[in-house]
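Engineer: could you work out the structure for the sequence below:
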Amino acid sequence: MTEQNPYQSGAGDWGPGHPPGPSDTPPPGYGYPAAGAPAQGYGFPQQPPAGAPPMGGAPLISIGDIMVMGDQIITPAGQLPLRGAIWNATDMSHTEEKIPTHAIVLAIVFFLFCLLGLLFLLMKERKTTGYIQVTVTSAGRHHQTMIPAHGPETFPAIMGQVNYARSLSSM
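Structural biologist: Coordinates of the predicted model:
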């Protein structure tokens, strides 16, 4: 008589003390569909369905939390089609120019010694605050993102990215 492994599955044999049920299919395991067979592909991440377009490769462009990959626009709210998308950018930042406090103090201190201290009042400090708002509309859905402006050069840089995204949408 040959010994059989009690955990080896055969027709009607599901381990010690388990009577065969009405069907000879094993019960579904953790993470498997009810049919007992694994889903398409093994492991994580799951494979896309057979009819889905390929989404591999690196992103073509990323503007804030909006990313363009292949022929799709990927946002936190879902995917939008790239073809025919409408892109807009709005500059909601402003730059202030003022005389810094340390320049005023130096002008007062050196004014007492010589009139050259007044040259410290020519010092200027520029500070940019605010955001650049980028919106995309496609297939009746809308998404917007706000990108912080770190300097006066931020808006032209974002506009360059938006114009590239516009050219991808028109292809």
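Engineer: helices and strands of this structure: which one has the lowest mean pLDDT?
Structural biologist: When each helix and strand of the chain is scored by mean pLDDT, DSSP states H and E, helix 101-113 comes last, with a mean of 83.
Engineer: in that helix, what's buried?
Structural biologist: Across helix 101-113, burial judged by 16 or more other CB atoms under 10 Å covers Ala103, Leu106, Ala107. Where C-beta positions appear, they are placed from N, C-alpha and C, glycine not excepted.
Engineer: just the closest of the residues you listed to Leu122, please.
Structural biologist: Among those, Ala103 lies closest to Leu122 (CB to CB), at 8.1 Å.
Engineer: next up, the contacts around the closest residue to the closest one other than its chain neighbours.
Structural biologist: Nearest non-adjacent residue to Ala103, counting by CB to CB, 6 or more residues apart in numbering: Met123, 4.0 Å away. Residues near Met123 by CB atoms under 8 Å, 6 or more residues apart in numbering: Ile99, Pro100, Ala103.
Engineer: closest one of these to Ser167?
Structural biologist: Pro100 (42.3 Å).
Engineer: pLDDT at that closest one, what is it?
Structural biologist: Pro100 carries a pLDDT score of 91 in this model.
Engineer: tell me how many other residues surround the residue nearest to it when sequence neighbours are not counted.
Structural biologist: With CB to CB, 6+ apart as the criterion, Pro100 has its nearest non-adjacent residue at 4.4 Å, and that residue is Glu125. When neighbours are counted by other CB atoms under 10 Å, Glu125 registers 12.
Engineer: thinking Glu125 is in contact with Thr101, fair?
Structural biologist: No - using CB atoms under 8 Å, Glu125 is not in contact with Thr101, being 9.2 Å away.
Engineer: what's the helix ranked longest in the chain packed up against?
Structural biologist: Across the chain, the longest stretch assigned as helix under DSSP state H is helix 154-169. Here helix 154-169 touches strand 61-63, strand 86-98, strand 125-138, strand 141-148, going by 3 or more CB pairs under 8 Å, 6 or more residues apart in numbering; DSSP states H and E.
Engineer: again, only using 6 Å
Structural biologist: Identification of packing neighbours for helix 154-169 by 3 or more CB pairs under 6 Å, 6 or more residues apart in numbering; DSSP states H and E yields strand 61-63, strand 86-98.
Engineer: okay, now the unreliable bits of the chain?
Structural biologist: 1-56 (pLDDT under 70).
Engineer: spatially nearest residue to Leu119, not counting backbone neighbours?
Structural biologist: Here the residue nearest Leu119, using CB to CB, 6+ apart, is Ala107, at 7.9 Å.
Engineer: sweet, I'm off.
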